[in-house]
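Trainee: no FASTA, just this:
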């Protein structure tokens, strides 16, 4: 397994991204930003507490980022 190659704005390099409209392409990096927010939250909490971290806290961190993007109307799952 190797790291995902990304554009400078965080969007994964993929031939499928050529199908995005200009507005979708502009909004697409928000997906990665949401995942980074969840990772940041997990790292902060895991260093400061010994109890398991609730997935709902991590999902909320990502959703807070996604809600700021008008083109993201719903989130089906976060994994």
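Mentor: It's in. In this text, all values refer to a predicted model and were calculated from it rather than measured experimentally. Numbers count the residues shown, from 1 in each chain.
Trainee: run through who's touching the lengthiest helix in the chain.
Mentor: Using DSSP state H, we find that the single longest helix of the chain is helix 29-48. With CB atoms under 8 Å, 6 or more residues apart in numbering as the test, helix 29-48 has contacts from 6-7, 9-12, 53, 57-59, 61-66, 68-69, 72, 78. For glycine as for every other residue, the C-beta is placed from the backbone atoms N, C-alpha and C.
Trainee: if we use 6 Å, what do you get?
Mentor: Residues outside helix 29-48 that contact it (CB atoms under 6 Å, 6 or more residues apart in numbering) are 9-11, 53, 58, 61-62, 65-66, 69.
Trainee: buried residues in that helix, which are they?
Mentor: Neighbour counts over helix 29-48 (16 or more other CB atoms under 10 Å) mark 29-35, 37-38, 41, 45 as buried.
Trainee: in a markdown table, list the contacts of helix 29-48 along with neighbour count, distance to residue 22 and pLDDT.
Mentor: Output for these, formatted as a markdown table (neighbours: other CB atoms under 10 Å; distance: CB to CB, whole Å; pLDDT from 0 to 100):
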| residue | neighbour count | distance to residue 22 | pLDDT |
| --- | --- | --- | --- |
| 9 | 12 | 14 | 94 |
| 10 | 15 | 17 | 93 |
| 11 | 19 | 13 | 94 |
| 53 | 14 | 38 | 90 |
| 58 | 19 | 31 | 94 |
| 61 | 21 | 28 | 95 |
| 62 | 21 | 24 | 94 |
| 65 | 18 | 21 | 94 |
| 66 | 19 | 20 | 93 |
| 69 | 16 | 15 | 91 |
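Trainee: and the longest helix of the chain, average pLDDT?
Mentor: Helix 29-48 shows a mean pLDDT of 93.
Trainee: can you give me the helices in this structure?
Mentor: Using DSSP H, helices in the chain cover 22-27, 29-48, 55-66.
Trainee: ok and the longest one relative to helix 55-66, angle-wise?
Mentor: Compare the direction of helix 29-48 with that of helix 55-66 by axes from the mean of the first three to the mean of the last three CA atoms, to 10 degrees and you get 140 degrees.
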